[in-house]
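>>> Based on what follows, work out the 3D shape:
(one chain, ligands or ions: 1)
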Amino acid sequence: MWDFFPVPAAVNVDKKIMIYNSNEASAFEVTHELIHVLNKDNPHGDYFDASNPQEVRANYEETILIWEIFDANGEDTNILMYL
Ligand SMILES: [Zn+2]
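Here you go, the predicted model:
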């Protein structure tokens, strides 16, 4: 069906629209894109681009958010149900 989507998840920050491939995207990748929207970032490049402060912040904040959800709901939580 939508197997041609080239990245696991992507976001348009200005329009607050996120699309993701449910067969490919991890909870971390979806949360990462959500954080870009919340911070009104201008995301580009790689998730692991340590030279881009927006990517570093998104990686840090996604980890904190996922941890808080797991901590509140238990380790068997399907994180995608909360995003
Ligand atoms: Zn990013």
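
>>> pLDDT below threshold where in this protein?
Counting by pLDDT under 70, the chain contains low-confidence ranges at 1-3, 43-45, 47, 75, 79-83.

>>> Helices along that one, start to end?
27-38, 53-73 (DSSP state H).

>>> Throw those helices into CSV and include mean neighbour count and distance to the ion, thanks.
The way it works is simple: take the backbone N, C-alpha and C, and place the C-beta from them, glycine included. Converted to CSV, those look like this (neighbours: other CB atoms under 10 Å; distance: least, CB to the ion, whole Å):
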stretch, mean neighbour count, distance to the ion
helix 27-38, 20, 5
helix 53-73, 15, 5
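
>>> can you redo the ones you listed as CSV with distance to Ala9?
Listed next are the helices of the chain as CSV, based on distance: least, CB to CB, whole Å:
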stretch, distance to Ala9
helix 27-38, 5
helix 53-73, 11
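
>>> nearest to Met18, of these?
Closest to Met18 of the helices of the chain, according to CB to CB: helix 27-38, at 5.1 Å.

>>> got the CA coordinates for that closest one in CSV?
The C-alpha coordinates for helix 27-38 follow below in CSV (Å, rounded to 0.1, in the frame of the first residue of the first chain):
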residue,chain,number,x,y,z
ALA,A,27,8.0,5.2,18.7
PHE,A,28,11.3,7.2,19.0
GLU,A,29,11.0,8.4,15.4
VAL,A,30,7.4,9.4,15.7
THR,A,31,8.0,11.2,19.0
HIS,A,32,11.1,12.8,17.5
GLU,A,33,8.9,14.4,14.8
LEU,A,34,6.3,15.5,17.4
ILE,A,35,9.0,17.2,19.4
HIS,A,36,10.0,19.2,16.3
VAL,A,37,6.4,20.4,16.0
LEU,A,38,6.2,21.4,19.7
